[in-house]
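Enquirer: give the three-dimensional model of this entry:
(chains A, B, C and D)
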Protein chains: 2
Amino acid sequence: MAAAREVRPASPRRGVRHHPTLAGLAELPARDRAYQDLRYRILTGRLAPGTTLLETELAALLSLSRTPVREAAIRLAEEGLLEIRPRHGITVRSLSPGDVRDILDVFSALEIKAVELVARRGISAAEAARLDALLDRMERNTAAGDIARWSDLDDDFHSSLVALCNNPRLQRTLGEYWGQQYLARQMVVRLRPLPLQSDIEHREIMAAIKAGDPAAARAAHTRHRDRADHLQLSLLHAHLSGAQPGPAPIPRTPEQEESP
Amino acid sequence: MAAAREVRPASPRRGVRHHPTLAGLAELPARDRAYQDLRYRILTGRLAPGTTLLETELAALLSLSRTPVREAAIRLAEEGLLEIRPRHGITVRSLSPGDVRDILDVFSALEIKAVELVARRGISAAEAARLDALLDRMERNTAAGDIARWSDLDDDFHSSLVALCNNPRLQRTLGEYWGQQYLARQMVVRLRPLPLQSDIEHREIMAAIKAGDPAAARAAHTRHRDRADHLQLSLLHAHLSGAQPGPAPIPRTPEQEESP
DNA sequence: CAAGCCGCTAACGTATACATAAACGGTAAG
DNA sequence: CTTACCGTTTATGTATACGTTAGCGGCTTG
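Expert: Residues are numbered from 1 along each chain as shown, chains lettered A, B, ... in the order given. Sure thing, here's the model as predicted:
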C-alpha cells in the first residue's frame, strides 16, 4: 500500500482542528474517542475504502462496547465517511468522481459564503497578519515545489478563514464536510501542478477581505473555488480514465509535478 | 399557549417530507419514531422553546427506553433543534435573531446552489409543469390574501426545486437545516405582507431554470433569497423591538388568522 | 438440474444494569 | 454573613443482556 506515509499533521493552530490527528484524545468520552479514532483511520487510509466491519468487530477494534462505537459510527455515516447497512456491516465509503463533484459543490458554496461573511464582518490587523503570513509560507513552498506542504498550509488558510466568519452553524456544517473534502483532495494531491494561480487568487481574496468588500470577496473566492474544483475534477477524471464511473479506489500513483 | 392550533400539514407530495407530520410512523424503528415524534412536537410548538427534560423524562414521554431516545436527541441536537447539556438536561432551543440570520445565511447559500444545479441539469416538461402549477396556486392564494396557505405552497416549491438538484448530500444538508428554517419562518408568518414580489421572483427563477441558464438561475434565486431573508429579519427585529438580543422566545401572539 | 421453501444463526435494535462523576445542599469555619 | 469543603444524590456514559428478524444455506420437490 502506497500512501502508507502518515498524513502530516499540520502545525497546531487556533481554530477548528480538522486535520487527522489523535492528539489529546486523552480523557474524552469513549464515544468521542471512537469518533476521532475511526475518523483518523479513515482519513489516513488505515481503514481503506470498502472495508466492512460489523458493530461488534468495530467495538473490538477500538476496545469499547458497542454503544459508544455505534454512536460514533452513526455520526461518521452522517458525515459521509461510513455507510451503515444493517446486517451487512459498516463500510468505509469510497468516493466516485460524482461524489467528489457533489462534495465540492456543497463545500465550495459554504466556504464562499463564509468568506463573504468574513469580509462583511471585517478582520483585525492581527488576523490579517496571521493569514498573510500563511500566504507567505505557501508561496515559499510553491517556489520550492513542495506541493504536499503547500496543501497543508492551504487547508490551514481556508480553515482559518472559515474560523473568522462568526457563524457557528456554517462552521459546523463545513466541518462535517471537511473529512470528505480532505479525502477527495488526497485523491489527486500528487497530480496537482504548481499552485501558482491559487497563490494569486488567495492574495485577491485577502485584499477583498481587508477592504471589507463582501461582494468582491465573494467574487474572488468564487473564481478561486470554481477554478480549483474544476481542476481537481479534471485531474481525477484524467487519472481514472478507463476506469468506470463506479466506486473508485483512492488513487495512489506518485506522478509528476509540473508548473503551468 | 397560543399557536396551539395545529400546523397545517401541506398536501402530501413526492420528494422529501419536510413538514411536521406524524403520518406513517407506524412500523419504524423506535429511534426514528422518537426522532420524528420529537421533531414534530418541536416544530409545532408542542414542545416549547426552553423546555428542558432529562433523558429519562424524554424516554418516559415517548414510552421508550433511553437508548433510542438518546440517539434521536443527538440527531436533533446536530440539527440545532435541541441542546444537550449533560447533567443539565435536554433543552428545546430558542432562536435569537442572530441565530435566524445564521440559519438563513447557510440555508440560502445551499438553496441557491441547488437551484443553480437544477438549471444546469435541466428539467423535464412534466417537472416544469408541476412547478408551474404550484406557482399558479400560490398566486391564487396571494390574490385571496391567504398567506398561511401561500407559505405552505412556498415550502413545497422550494423543496420541490431542491429535490431536482441531483446532489444527495446537498439535499441532506438542506434537510438538516429545514427544521430551523421552518421555525424561523413561523416566527414571522403572521407579520408578512402579501408576497407579491416573491411571486414575481419565483417566475423569474423558473424562467431561468427552463432556459437551462445556471448563472441566471443563480442570480435570480440570489435576489429572491436576499430580499426575502432581509424582509424576514426586518420583520423579526420589528416584532421584537424592545426585546433584548438575548435568546428570544418564539412569539406566539394570537393575531389574526386568515381563513383557509 | 432448477427453484422454492424452511429452519438456523447471529447481527442489530432496544432495554436494562451499573459505575462514575457532577451538581446540590448543608455545615462549619473565617 | 460569606465562603469553602464535604457528603449525598442522581443523570449520564458505558457495558451488557435479550428478543427479533433478516440473511443464508440446505433440503425438498417439480
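
Enquirer: please count neighbours and contacts with C-alpha atoms only from this point.
Expert: Fine.

Enquirer: if you count neighbours, what's buried in stretch A:63-78?
Expert: Neighbour-count burial for stretch A:63-78 flags A:64, A:66, A:68-78 (criterion: 16 or more other C-alpha atoms under 10 Å in any protein chain shown).

Enquirer: ok, stretch A:187-199 next?
Expert: Under 16+ other C-alpha under 10 Å, the buried positions of stretch A:187-199 are A:187, A:188, A:189, A:190, A:191, A:192, A:193, A:194, A:195, A:198, A:199.

Enquirer: CSV for the residues you listed, including pLDDT and secondary structure?
Expert: Converted to CSV, these look like this (pLDDT from 0 to 100; DSSP: H, G, I helix; E, B strand; the rest coil):
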residue, pLDDT, secondary structure
A:187, 93, coil
A:188, 93, coil
A:189, 90, helix
A:190, 91, helix
A:191, 92, helix
A:192, 92, coil
A:193, 93, coil
A:194, 94, coil
A:195, 96, coil
A:198, 97, helix
A:199, 98, helix
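
Enquirer: nearest residue to residue A:52 in space, please, no chain neighbours.
Expert: residue A:91 (4.2 Å; C-alpha to C-alpha, 6 or more residues apart in numbering or on different chains).

Enquirer: wait, is that neighbour part of a strand?
Expert: Yes. Counting by DSSP: H, G, I helix; E, B strand; the rest coil, residue A:91 falls inside a strand.

Enquirer: closest to DNA strand D among the buried residues of stretch A:187-199?
Expert: residue A:187 (30.8 Å; C-alpha to the nearest atom of the strand).

Enquirer: from residue B:204, how far off is the closest one?
Expert: Distance of residue A:187 to residue B:204, given as C-alpha to C-alpha, to the nearest Å: 40 Å.

Enquirer: one step back: pLDDT score for the residue nearest to residue A:52?
Expert: We have a pLDDT of 98 for residue A:91.

Enquirer: repeat that for residue A:27.
Expert: Residue A:27 is given a pLDDT of 78.

Enquirer: residues contacting it?
Expert: Under the criterion of C-alpha atoms under 8 Å, 6 or more residues apart in numbering or on different chains, residue A:27 has no neighbours.

Enquirer: what about residue A:177, how many neighbours?
Expert: 21 (other C-alpha atoms under 10 Å in any protein chain shown).

Enquirer: could you give the mean pLDDT of whichever strand or helix holds it?
Expert: Using DSSP states H and E, residue A:177 sits in helix A:168-186. Helix A:168-186 shows an average pLDDT of 97 in the prediction.

Enquirer: check stretch A:127-146 too.
Expert: 97.

Enquirer: bridging across strands, which residues link to the residue nearest to residue A:52?
Expert: residue A:52, residue A:83 (DSSP bridges).

Enquirer: that one touches residue A:50, doesn't it?
Expert: Yes. The pair residue A:91 / residue A:50 is scored as a contact, 5.8 Å apart, by C-alpha atoms under 8 Å.

Enquirer: next, give phi and psi for whichever residue of the stretch 51-200 of chain A sits closest to DNA strand D.
Expert: Closest residue of the stretch 51-200 of chain A to DNA strand D, C-alpha to the nearest atom of the strand: residue A:65 (3.4 Å). For residue A:65, the backbone dihedrals (degrees, to the nearest 10) come out as phi -80, psi 170.

Enquirer: distance of it from residue A:57?
Expert: Taking C-alpha to C-alpha, one finds residue A:65 at 10 Å from residue A:57.

Enquirer: OK, contacts around the spatially most central residue of chain A?
Expert: When C-alpha atoms, centre = their mean is applied to chain A, the residue found nearest the centroid is residue A:182 (2.7 Å). Shown in contact with residue A:182 (C-alpha under 8 Å, 6+ apart): residue A:43.
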